[in-house]
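J.: kindly return the folded structure for what I paste below:
(one chain, ligands or ions: 1)
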Amino acid sequence: MDFLPLFFSLKGSRVLVVGDSAAAARKIEVLLKTKCKVRLATDTLTDQGLKILVETNDIERVSLTAESPNNDLVWGRISLAVAASEDKVVNEAIAKTAKQRNIPINVVNRVDISDFVFPSIIDRSPVIAAVSSSGELPILTRLVRSRLEANLPHAFGRMAMIAKKYRQQVREGVDGINARRRFWEKHLEGKFSELVFSGKEEDAVDLLESAIEDLSSTAPSNDGEVYLVGAGPGDPDLLTFKALRLIRQADIVLYDRLVSEPILELVRHDAERINVGKERSNHLVPQESINELLVKYAKQGKRVLRLKGGDPFIFGRGGEEIETLAEEGVSFQVVPGITAASGCSAYSGIPLTHRDYSQSVRFVTGHLKNDTCDLPWHELVQENQTLVFYMGLTGLATICSSLIENGMRTDKPIALVSKGTTRHQKVYEGTLSTIVDIIKNQKVAAPTLIIIGDVVSLRDKLKWLE
Ligand code: SAH
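T.: Residues are numbered from 1 along each chain as shown. From the prediction side, this is the model:
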């Protein structure tokens, strides 16, 4: 280990930053998150130096000196120094002076002559995580950081602040360090933290206070919750941080056919999994039973994850599920997901809107009852509009012919995106009059999304995945 990570109090200290580069501005920004003052020294007072001052917007705490860094005055009452000049020679000279004066120095991009390096910081004050690759491979630092980020919701700091207020009470109420640890583990990883993260701080406080009042009781609490989570179109990297966090903490998971295997692998190994997936016209578990199962498990005190492909509120019947929960008084949260239209559009290089081609986009269900055309076709046939059909593969021929009958150009471009955003993504392109023939002898795999509109022609230029 070349560097010892320390959390260094800079309260009342003064830090010298030399140079008025963009790097200097970044360092000053981080330094000002602590309670220190900054002296910015530049030989010449450039526009950039002034800009840093204006941007930091903290005249009280940042002072600018145009003295040469060789001047004793510059170093008066300095506890830490940063050399961020664009001039290599200047930086080396500063490092030397700092060492003579026994002041720890960081030289930007020169770990070899630095006493300390700036880590990458995740600030959830009072909780702070800092990651460093000892100046060697900053990209690794970023990777580790994003993993940590995903596990530390933004309200983590708020949770710590609230919990902190009850520390003494818990210490007085619970005997033994192990029992206290269990108490905090249960709440910091349970409903209390979840309430804070979902912005219900008052409920969180109530819960913690009643848990403290009731410290002697060891009975498991009976208040489960349902998380209705959008799992996105397939690529697990398209999950939101919130989705990932709830996936990891659920006790039981009810998932759909559309949820991809790599996403299911993120579920805790000891969590129970139930496939309620719906094959088209072969519903494994009818919707009413799913609604009832959610209520049943939540009432058993479980954290129930209802994982749905894409976004739960777009052709996902998510609304019906939480309606039942609301009627039964079960608490729930809804986490949006990237809907198939967004995922397929991005991964196939077909923007859904474009200033020249399309000013609106319409999401339509292509699940046509008994092959009948009960869609408002005349409304769908508009210039400068993109149509996205979900569940439209079976009805493709009907969709194309109905649009043509209602006046859409026969050469209107159309794309089918099969298994969008996954490794198996395939895109079939044609026009309203040709697409049915084009796929006649192909086995287009479900799920498939249909995009119709002039924007499809942009794909030639914009496709980036294949
Ligand atoms: N709630 C989901 C949609 C469910 S309806 C969402 O927001 O995406 C199911 C339809 O979504 C499928 O028939 C298909 O048209 C589309 N779909 C879902 N995932 C897809 C994917 N990875 N690639 C292509 N289409 C997809």
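J.: buried stuff in stretch 354-370?
T.: In terms of neighbour count (16 or more other C-beta atoms under 10 Å), stretch 354-370 has its buried residues at His354, Tyr357, Ser358, Val361, Arg362, Phe363, Val364, Gly366, Leu368. C-beta coordinates here come from the backbone N, C-alpha and C atoms, glycine included.
J.: got a list of what Leu40 touches?
T.: The contact partners of Leu40, by C-beta atoms under 8 Å, 6 or more residues apart in numbering, come to Val17, Asp20, Ala24, Ile28, Gly49, Ile52, Leu53, Val62, Ser63, Leu64, Thr65.
J.: dump those to CSV, plus distance to the ligand and neighbour count.
T.: As requested, these are exported to CSV (distance: C-beta to the nearest ligand atom, whole Å; neighbours: other C-beta atoms under 10 Å):
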residue, distance to the ligand, neighbour count
Val17, 48, 27
Asp20, 49, 27
Ala24, 46, 25
Ile28, 44, 23
Gly49, 50, 21
Ile52, 45, 26
Leu53, 48, 20
Val62, 48, 19
Ser63, 54, 13
Leu64, 53, 16
Thr65, 57, 17
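J.: lowest-confidence member of those, which is it?
T.: On pLDDT alone, Gly49 ranks lowest of the contacts of Leu40, at 69.
J.: about what we covered before: of the contacts of Leu40, which belong to helices?
T.: Using DSSP state H, the members of the contacts of Leu40 that fall in helices are Ala24, Ile28, Gly49, Ile52, Leu53.
J.: got a list of what the second one touches?
T.: To tie it back to what came earlier, the one meant is Ile28. Val17, Val38, Leu40, Ile52, Thr56, Val62.
J.: tell me the one among those nearest to Ala93.
T.: Top of the list for closeness to Ala93, among the contacts of Ile28 and by C-beta to C-beta, is Val17 at 15.1 Å.
J.: does the closest one touch Lys37 like I think?
T.: No - under the criterion of C-beta atoms under 8 Å, Val17 is not in contact with Lys37, lying 10.9 Å apart.
J.: which SSE is the closest residue to Tyr347 other than its chain neighbours in?
T.: Nearest residue to Tyr347, sequence neighbours excluded (C-beta to C-beta, 6 or more residues apart in numbering): Thr421, at 4.7 Å. Remark: Thr421 resides in no helix or strand, with elements defined by DSSP states H and E.
J.: helix, strand or coil for the residue lying closest to Leu207 once chain neighbours are set aside?
T.: Nearest residue to Leu207, sequence neighbours excluded (C-beta to C-beta, 6+ apart): Phe192, at 5.3 Å. Following DSSP: H, G, I helix; E, B strand; the rest coil, we place Phe192 in the helix state.
J.: and Phe192, how many neighbours?
T.: As a burial measure, Phe192 scores 23 neighbours (other C-beta atoms under 10 Å).
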